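Asker: Sequence first, then the predicted structure:
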Amino acid sequence: MKSIPNIISIALIGCGAAGFVIASRPLLSDKENDVPLNVLGINRSPYGEVFAMAMQGPIDSYFHATNARGHKCDDAATCQHIAHSQSQDLAGQGINERVRHYIDGMDAGLVERTNPFSAGKAHKFYLRREIEDKLRFAYNLDPGQYGNYNAYHFFLTEPELGTRPELTPYAAKLADQTIRYCLSQRSDPRYALTAAAAAGNVIELMLNDRQINREHPLYTTAQMRDVLKVMDQSLGLYSHLANEWADKGLWENLSELRLTEVQQRLSFTVSIRDSHEQSIRLIEGRHENGNTVSNAAAGESQANR
């Protein structure tokens, strides 16, 4: 008799699982439901912004670990490097100082290399892959965060750091996605700065292409100027939203460190914008001079005939 309730429970659970599977098939076949996974809705939320900023510390530690040379040992079995630890005389110090020293030691030990040999190629590749995954995770948490986006873009466009093929096309797609997201935000002027930086990165990719494909570049100066207009639009949006924040006194909610950070990013973005425009003008000037020389040569040839 005791087994009957158990059988009923198992049957109900089985029916529920079967109903869930049957009902989920139409959802899986619907392309409109094919969206990036966002557990608990953290991505692009205020909580995501906080977590994205907190991610920058571990990323920095991993990045420096890829460049660690380590300690060269002739014999790892007898070398005292592994067992070596700095000692400090804590005699006469209070309990608070001892606890602080203990916590500092734990913090230093978290990123300290204990391997007596330098990191190998496979280990460095693994660390770079970890960095890339963390950068992508931090970017998805807050695509409008200036530091997270630029760090991810820099990683993707540096062949010595990246670990995936076809980095530049993906970086261009990442920039376009960032611009679209940031220009749709009106709650914070700092998003507009990220959009301007992303547009500047696209122009940089176009200019780099001319260094690779000198004879047949993939992008024209007209295309570069179209992206430059997006950069100007982003800077204009920042100016508009910054004035609104000033009128409402919202800038006062930020710390001095954050305010200085915004001013530095604005100044850097404007200088990059002016540099890109100057580069485009130089390319256009070369084309004009080339066309003038070609026309003169053609006229001289026609006169000789």
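Answerer: Looks like it came in fine. Numbers count the residues shown, from 1 in each chain.
Asker: The helix or strand hosting G109 packs against which elements?
Answerer: Using DSSP states H and E, G109 sits within helix 95-111. Counting contacts by 3 or more CB pairs under 8 Å, 6 or more residues apart in numbering; DSSP states H and E, helix 95-111 is packed against helix 56-66. For the C-beta atoms, the positions are set from N, CA and C on the backbone; glycine is no exception.
Asker: one step back: and the helix holding G109, average pLDDT?
Answerer: The predicted model gives helix 95-111 an average pLDDT of 76.
Asker: ditto for stretch 22-40
Answerer: 61.
Asker: again with stretch 170-185
Answerer: For stretch 170-185, the per-residue pLDDT averages 91.
Asker: before we move on, which element is G236 in?
Answerer: G236 belongs to helix 221-248, assigned by DSSP H and E.
Asker: ugh, wrong one, I meant I7
Answerer: helix 3-29.
Asker: So which bits of that helix are buried?
Answerer: Across helix 3-29, burial judged by 16 or more other CB atoms under 10 Å covers no residue at all.
Asker: then the host helix or strand of R128 to PDB, C-alphas only?
Answerer: Element membership for R128 (DSSP H and E) is helix 121-141. C-alpha atoms of helix 121-141 as PDB (Å, rounded to 0.1, in the frame of the first residue of the first chain):
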ATOM      1  CA  LYS A 121      53.500  28.100 -24.500                       C
ATOM      2  CA  ALA A 122      50.500  25.800 -23.600                       C
ATOM      3  CA  HIS A 123      50.100  27.500 -20.200                       C
ATOM      4  CA  LYS A 124      50.300  31.000 -21.700                       C
ATOM      5  CA  PHE A 125      47.800  30.000 -24.300                       C
ATOM      6  CA  TYR A 126      45.500  28.700 -21.600                       C
ATOM      7  CA  LEU A 127      45.900  32.000 -19.600                       C
ATOM      8  CA  ARG A 128      45.100  34.000 -22.700                       C
ATOM      9  CA  ARG A 129      42.000  32.000 -23.400                       C
ATOM     10  CA  GLU A 130      40.900  32.600 -19.800                       C
ATOM     11  CA  ILE A 131      41.400  36.300 -20.300                       C
ATOM     12  CA  GLU A 132      39.400  36.300 -23.400                       C
ATOM     13  CA  ASP A 133      36.500  34.400 -21.800                       C
ATOM     14  CA  LYS A 134      36.500  36.800 -18.800                       C
ATOM     15  CA  LEU A 135      36.600  39.800 -21.100                       C
ATOM     16  CA  ARG A 136      33.700  38.600 -23.000                       C
ATOM     17  CA  PHE A 137      31.800  37.800 -19.800                       C
ATOM     18  CA  ALA A 138      32.500  41.200 -18.400                       C
ATOM     19  CA  TYR A 139      31.500  42.900 -21.700                       C
ATOM     20  CA  ASN A 140      28.200  41.000 -21.800                       C
ATOM     21  CA  LEU A 141      27.400  42.100 -18.300                       C
END
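Asker: Next secondary structure element downstream of it?
Answerer: Next element after helix 121-141 (DSSP H and E): helix 146-157.
Asker: on contacts alone, who are the packing partners of that following helix?
Answerer: helix 56-66, helix 121-141, helix 167-183, helix 190-212.
Asker: what's the angle between the third one and helix 190-212?
Answerer: Here helix 167-183 runs at 160 degrees with respect to helix 190-212, directions being taken by axes from the mean of the first three to the mean of the last three CA atoms, to 10 degrees.
Asker: Which secondary structure elements does helix 167-183 sit against?
Answerer: Checking 3+ CB pairs under 8 Å, 6+ apart, helix 167-183 ends up next to helix 146-157, helix 190-212, helix 221-248.
Asker: Tell me where the model's unsure across the protein.
Answerer: Counting by pLDDT under 70, the chain has low-confidence residues at 1-2, 24-41, 44, 47, 56-93, 110-113, 115, 159-167, 287-305.
Asker: Show me it divided up by domain.
Answerer: 69-118, 143-290 (automatic domain parsing).
Asker: who wins for proximity to P46 among those?
Answerer: domain 143-290 (10.3 Å; CB to CB).
Asker: circling back to that earlier point, buried deepest among the helices and strands packed on helix 146-157, which one?
Answerer: helix 190-212 (a mean of 22; mean count of other CB atoms under 10 Å).
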